[in-house]
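> any chance you can model this:
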Amino acid sequence: MTAKIESKCTLCARRVIQEKYCEYHYEALRSLRDHYEVWKSRYGEISWYDYLTRLRKIKYTGKWVKEVIEIELEVKNDKKMR
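Prediction:
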């Protein structure tokens, strides 16, 4: 009998539902993506990196969103280093 190994969220021990996140962190990512379009319409061109950096500094940004921001910024920085 083979055991099925479930993937764990990059940020917590919950089961991955999409990409590399659990349902809660994925919802935070989805919210970030949706609101990015709103920010672009309000502020003009803003890069994904600048958007995430600004949100990270806002004290009212939620915990799960901030956790996703940290991972997304790390991914962005890793791509820059290559």
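> model confidence over stretch 7-25, on average?
Mean pLDDT, stretch 7-25: 94.
> from residue 8, how far out is the residue positioned nearest the centre of the chain?
Central residue of the chain (C-alpha atoms, centre = their mean): residue 68, 3.3 Å from the mean position. As judged by C-beta to C-beta, to the nearest Å, residue 68 and residue 8 stand 15 Å apart. C-beta coordinates here come from the backbone N, C-alpha and C atoms, glycine included.
> where does residue 8 fall, phi/psi-wise?
phi -110, psi 150 (degrees, to the nearest 10).
> can you map out the helices along this structure?
23-43, 48-57, 63-81 (DSSP state H).
> to residue 15, which of these lies closest?
Of all the helices of the chain, helix 23-43 sits nearest to residue 15, with 8.4 Å by C-beta to C-beta.
> what helices or strands is the closest one leaning on?
Counting contacts by 3 or more C-beta pairs under 8 Å, 6 or more residues apart in numbering; DSSP states H and E, helix 23-43 packs against helix 48-57, helix 63-81.
> okay, buried residues for that helix please.
Buried residues in helix 23-43, counted by 16 or more other C-beta atoms under 10 Å: 24, 25, 26, 27, 28, 29, 32, 36.
> which of the residues you listed lies closest to residue 51?
Closest approach between those and residue 51, by C-beta to C-beta: residue 36, at 5.4 Å.
> residue 8 versus the closest one, what's the distance?
Distance, residue 36 to residue 8, by C-beta to C-beta: 26 Å.
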